[in-house]
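Trainee: Kindly return the folded structure for what I paste below:
(one chain, ligands or ions: 1)
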Amino acid sequence: MTPESFALMTPKRSDAASLQDQLDRVIDDLLASLPNPDHLSPNERRGIIARYTAVLEGNFIYWMTAANLSVVSQEAHAVIQDNLHEEVQDNHPGMLRKFAIAAHAVPTDSDALAIYPHLEDVRLFVGRLSAMRIVLMMAFFEGFITRFMPYLAELATRQGSAEQKYTEVHGVCDVVHTQELFRALQAEMTLAQEPLPPVAELLEGVGLLRTLIQSIIQPRAAEARTP
Ligand SMILES: [Fe+2]
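Mentor: Modelled structure (predicted):
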């Protein structure tokens, strides 16, 4: 089946796993678009780390909290709250800030501005508290973060940093988090009162977050892709 025809389908209530293949493809494409670190200037390396920090540091827990507010099943609440406990108790935002400081890549005004329009789009989407769409977006986020960590660590090393706690922790724990979020999604799909929307609609948040991540990787290219 082509990705286009899959997008028009309505997923079965029992089949969150079919959506995981779709997310894996989006992540594969993003990773394939990463510039070769050999070809990046020190300022381009700094920019990627800084924009990543600007997106993640203050928003990850906020968006996971929105997921918690939106879901109805006990199972999804338990999964999301476990995730939030870990984020808060282990001070993941602080871990990321230390990583950025050590790589001389603390976000500046222009880093924040480069991601701002796409960040705002995700915030407006998250504010609608649409449970399955947000859980899918967060499963995509966790999946991307895990697979992005070796690249981020490489950029930091080239910036002269030896601080790798953030990348080491997230290269491991987010594999489990992604699987758990698919279990949460499955619980929400099973309980949904209304007919499930087509795949393309369920992936609305995934698309918005993908564009935001593109603005981390190549800010000018992301602008060109936006109508
Ligand atoms: Fe985290």
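Trainee: helix or strand for the most centrally placed residue in the chain, which one?
Mentor: By CA atoms, centre = their mean, the chain has its centre lying nearest to residue 141, at 2.1 Å. Using DSSP states H and E, residue 141 maps to helix 131-158.
Trainee: Pull out the buried residues from that helix.
Mentor: 131-149, 151-153, 155-157 (16 or more other CB atoms under 10 Å). Where you see a C-beta, it was placed from the backbone N, CA and C, and this is true even at glycine.
Trainee: now stretch 85-100
Mentor: Buried, per 16+ other CB under 10 Å, within stretch 85-100: 87, 92-93, 95-97, 99-100.
Trainee: Tell me how far it lies from the chain's centre.
Mentor: Centroid displacement of stretch 85-100 relative to its chain, using CA atoms, centre = their mean, to the nearest Å, is 16 Å.
Trainee: ok, back up a step: what distance do you get for the residue nearest to the centre of the chain to residue 124?
Mentor: Distance from residue 141 to residue 124, counting by CB to CB, to the nearest Å: 17 Å.
Trainee: And residue 152, by the same measure?
Mentor: 27 Å.
Trainee: hmm, back to that, could you tell me the angle between the next helix-or-strand element following the helix holding residue 141 and helix 131-158?
Mentor: Per DSSP H and E, the first helix or strand lying C-terminal to helix 131-158 is helix 165-191. Taking axes from the mean of the first three to the mean of the last three CA atoms, to 10 degrees, one finds that helix 165-191 is oriented at 170 degrees with respect to helix 131-158.
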